[in-house]
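[1] sharing a model that was predicted from the sequence below.
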Amino acid sequence: MGGAADERREALLARIAASLAPRFDGSLSRQTVEWYVRECHNLLERPSTVGRHLPVLAERFARQRLVALAQSQGLAAKPVPEVLFVCTANAGRSQIAAALTARHAGGRVHVRTAGTCPAGRIDPMVGLALTEIGLDPGMEFPKPLTDEVVAAADVVVTMGCGDACPVYPGKRYQDWLLDEPEDAPLEEVRAIRDHIDERVRELLAELIGLPSARQ
């Protein structure tokens, strides 16, 4: 990349930063917003298969990370508990868990996801398994694990990513042993989805008093 392409890229990143900066006025500096926008664009560009959607996703990723940064530093309120789901590719298990948590919690829990080695897209069978129960993963995308989203979370749920998730003292961690849906047939992905649904209900029973699947 060089010349006119570099100029277009810089202009694009400047527009994204300018659109985000007012939201964080008084909590995060303009320089911080600009740095996060640039890094988020770079992180998503490497494994991405989203092509022309990259600017939109980079803006969304930067916004999520900046909110998490402000929360972790006590500069922004957390009106509801924050749950972070982490798996390896952020293309299967964590996406299923986040979608089901958002459905069952009904706004009483905020969810984030991340991957220790993110894929370029959500697994197609995972997308299908969610769509057939009325959940649309179309607005979601794999994203890398970053420190501020861990720091902002009240509960961190890991799924097969070992010791790659940073550990913060006093934070609550759970490790869910789940099969990997990547490249699995739809029937197996459905079984994984239903297992995750049970675990999600158990977690929400503890966090917000939602009846668990066993009740």
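    Received, thanks. Numbering: from 1, shown residues only.
[2] what about the residue nearest to L128 when sequence neighbours are not counted, neighbour count?
    Once flanking residues are discounted, L128 sits nearest to L186: 6.3 Å by CB to CB, 6 or more residues apart in numbering. Backbone N, C-alpha and C define where each C-beta goes, glycine included. Neighbour count for L186, taken as other CB atoms under 10 Å: 15.
[3] quick one, phi/psi of L186?
    Per-residue torsions, L186: phi -60, psi -40 (degrees, to the nearest 10).
[4] can I see the domain layout of this protein?
    Domain ranges of the chain: 1-77, 80-215, per automatic domain parsing.
[5] would you point to the one among these that's packed deepest?
    Highest mean neighbour count among these (mean count of other CB atoms under 10 Å): domain 80-215, with a mean of 18.
[6] so how far is it off the chain centroid?
    9 Å (CA atoms, centre = their mean, to the nearest Å).
[7] again with stretch 77-88
    9 Å.
[8] so P137 versus I16, what's the distance?
    For P137, the distance to I16 equals 23 Å [CB to CB, to the nearest Å].
[9] tell me, what residue is most central in the protein?
    T113 (2.5 Å; CA atoms, centre = their mean).
[10] let me know the helix or strand that that one is in.
    strand 110-115 (DSSP states H and E).
[11] list of residues touching the helix or strand where V156 lies?
    Under the criterion of DSSP H and E, V156 resides in strand 155-159. Residues outside strand 155-159 that contact it (CB atoms under 8 Å, 6 or more residues apart in numbering): 81-88, 93-94, 97, 150, 165, 171-176, 178, 203, 207.
[12] now the helices: where do they sit in this protein?
    Listed in chain order, the helices of the chain (DSSP state H) span 4-20, 30-45, 54-72, 93-105, 124-131, 147-152, 186-208.
[13] list the contacts for T131?
    Taking CB under 8 Å, 6+ apart as the test, what T131 contacts is P137.
[14] what about it, distance to P211?
    Taking CB to CB, one finds T131 at 25 Å from P211.
[15] same question for T146.
    Taking CB to CB, one finds T146 at 34 Å from P211.
[16] before we move on, the earlier item: the residue nearest to the centre of the chain bridge partners, please.
    F85 (DSSP bridges).
[17] verify the stated contact: it with L145.
    No. Using CB atoms under 8 Å, T113 makes no contact with L145, being 9.3 Å away.
[18] list residues touching both of the two?
    What both T113 and L145 touch, as defined by CB under 8 Å, 6+ apart, is the set 86, 90.
[19] okay, now the unreliable bits of this protein?
    By pLDDT under 70, the low-scoring segments of the chain are 1-2, 47-51, 212-215.
[20] now with 80?
    Applying pLDDT under 80 to the chain flags the ranges 1-6, 46-52, 162-166, 170, 211-215.
[21] I am finished for the moment; much appreciated.
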